[in-house]
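Asker: Any chance you can model this:
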Amino acid sequence: MAVSSQEKQEKEERFYLDKFVKALNISTAEIERGDDPPDFVLRVEGSRVAIEVTEFHSSAVGAGGRPRRAVEEEW
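Answerer: All right, here's what the predicted structure looks like:
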């Protein structure tokens, strides 16, 4: 069964969110999928935190050899 691009994106977003939460040393966070936006909602010690996962391209090249960030800003 092929994985859709949406499923792939969601899996990648969750991967990076898990790394972020681990780096913050938060073991008690409840994580649920958001309505997009936000991508995720964390519940930590009674607080609700909305998380939107975005991609950053520092030196990647996009359409026509232009820096990827400039291409994304036009989108």
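
Asker: C-alpha from now on. contacts and neighbour counts both.
Answerer: OK.

Asker: Can you list the buried residues in the host helix or strand of Tyr16?
Answerer: Tyr16 is located in helix 5-23, with elements delineated by DSSP states H and E. When neighbours are counted by 16 or more other CA atoms under 10 Å, the buried residues of helix 5-23 are found to be Glu13, Arg14, Leu17.

Asker: Excluding sequence neighbours, find me the nearest residue to the last one.
Answerer: Spatial nearest neighbour of Leu17, excluding adjacent residues (CA to CA, 6 or more residues apart in numbering): Val53 at 7.6 Å.

Asker: Enumerate every residue touching that neighbour.
Answerer: Residues touching Val53, when contacts are defined by CA atoms under 8 Å, 6 or more residues apart in numbering, comprise Glu13, Leu17, Asp39.

Asker: With pLDDT added, can I get those in TSV?
Answerer: Listed next are those as TSV, based on pLDDT from 0 to 100:
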residue	pLDDT
Glu13	90
Leu17	91
Asp39	92
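
Asker: Of these, which is the nearest to Gln6?
Answerer: Glu13 (10.5 Å; CA to CA).

Asker: What distance do you get for the closest one to Gly46?
Answerer: If you measure Glu13 against Gly46 using CA to CA, to the nearest Å, the figure is 24 Å.

Asker: Thr28 too?
Answerer: Computed as CA to CA, the Thr28 to Gly46 distance reads 11 Å.
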